[in-house]
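Asks: model this:
(one chain, ligands or ions: 1)
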Amino acid sequence: MLTLLELLKDGRFHSGQALGAALGISRSAVWKQLQQLEADLGLSIHKVRGRGYQLAAPLTLLSPADICEQSKDCPWTVLAFDSVDSTNAEALRAVERDVPAPFLVLAERQTAGRGRRGRKWASPFAENVYYSLVLRIDGGMRQLEGLSLVVGLAVMQTLREFGIADAGLKWPNDVLVGRKKIAGILLELVGDPADVCHVVLGVGINVNMQKTDEVDQQWTSVRLESGKQVDRNQLVARLSMMLKAYLERHQAQGFSSIQEEWEQNHLWQGSAVSLIAGVNKIDGVVMGIDQQGALRLKVDGVEKVYSGGELSLRLRDDS
Ligand code: ATP
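Replies: Below you'll find the predicted structure:
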């Protein structure tokens, strides 16, 4: 089916006969595959008598070769899929199959893209970036300190390169434009962090998505902010180079070397917030983060420090 999409992706008209001949199938088989493309992938295809079939908009599909060409000396192997449940899940399976890290898993869509605590990440076909980088960590708990914040910073800087000057961070792991979420980050770990473990750095970035019914909070995309269609291969290449530079700095100098830069880009620095931990809610004012990436909050005039994967921040004037 995706071979048919390869033929159509230029956004031009193709006759049923030409498509059938190229694929070695009948015109009615072409028709069936076109209907399947529309139903399965949510694509819209124009059908015009006498001219043939045309995608409503041209598509650029993910291409590991293109990504490699656009990133300086291909920092890691790229595995690109048409459809997976979640790129993080696929990455974890690859670790179990002993695929040597570092490697990167990408997909055109996720059928069960995930956020924290089992929440869903909307992942339509060929519109956004679903990116999971796997690193092997050898007995270095320090290498995990603040890691998800480092990834956030690399994503934010990449988005700025693509013209999203207002992109900023929300502790611990979101990238926002104003109050709208443009990217999310989910780190998952397998193995023993005190010995050998693998960490999956999962990143979802809204790139060309212009509408969705699947997101229940304010969101935006690079396309909506910049008005321009973005080449996802170029964005992935830039993100990989940015991430590589930040990861090297983090590994060499520790998170403390990145703490200040992170705080400077924290959109909620100094804001009155509620920290949600399960059923508990703590009201405070954001002071910043500490040298491990934990949140520093002033609560009843006293500075307190919070960390852990179960915590969510909300602005107090929102709640
Ligand atoms: P937290 O403040 O705890 O990070 P969150 O609601 O932002 O809370 P995440 O786990 O980071 O939670 O992300 C999942 C949430 O993000 C979903 O519940 C949904 O509201 C929103 N979401 C899902 N898909 C997208 C998307 N493609 N773009 C923006 N937001 C999305």
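
Asks: Now the host helix or strand of Val273: buried residues?
Replies: Assigned by DSSP states H and E, Val273 belongs to strand 272-277. Going by neighbour count (16 or more other C-beta atoms under 10 Å), the buried part of strand 272-277 is 273-275. Placement of C-beta: from N, CA and C, glycine included.

Asks: now stretch 250-269
Replies: Using 16+ other C-beta under 10 Å as the burial criterion, the residues of stretch 250-269 that qualify are 250, 254-255, 258-259, 262-263, 265-269.

Asks: C-alpha coordinates for that stretch, CSV please?
Replies: In CSV, the C-alpha atoms belonging to stretch 250-269 read as follows (Å, rounded to 0.1, in the frame of the first residue of the first chain):
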residue,chain,number,x,y,z
HIS,A,250,25.7,16.6,29.7
GLN,A,251,28.0,13.6,29.7
ALA,A,252,31.2,15.6,30.0
GLN,A,253,30.1,18.3,32.4
GLY,A,254,27.0,17.0,34.1
PHE,A,255,23.5,18.5,34.4
SER,A,256,24.7,21.4,36.5
SER,A,257,26.4,22.9,33.4
ILE,A,258,22.9,23.1,31.8
GLN,A,259,20.8,24.1,34.8
GLU,A,260,21.1,27.8,34.2
GLU,A,261,20.3,27.7,30.5
TRP,A,262,17.3,25.5,31.3
GLU,A,263,16.0,28.0,33.9
GLN,A,264,16.4,30.9,31.5
ASN,A,265,14.1,29.1,29.1
HIS,A,266,11.5,28.0,31.7
LEU,A,267,8.3,29.7,30.8
TRP,A,268,6.9,29.3,34.3
GLN,A,269,9.9,30.7,36.2
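
Asks: what's the average pLDDT for it?
Replies: For stretch 250-269, mean pLDDT is 96.

Asks: what about that stretch, near the ligand?
Replies: No: applying C-beta under 6 Å from any ligand atom, one finds stretch 250-269 out of contact with the ligand, separated by at least 10.8 Å.

Asks: So which residues make contact with that stretch?
Replies: 142-143, 145-147, 149-150, 152-153, 156, 168-171, 176, 246, 249, 286, 288-293, 313, 315 (C-beta atoms under 8 Å, 6 or more residues apart in numbering).

Asks: can we see that at 6 Å?
Replies: 143, 145-146, 149-150, 153, 168-170, 176, 286, 288, 291, 293 (C-beta atoms under 6 Å, 6 or more residues apart in numbering).
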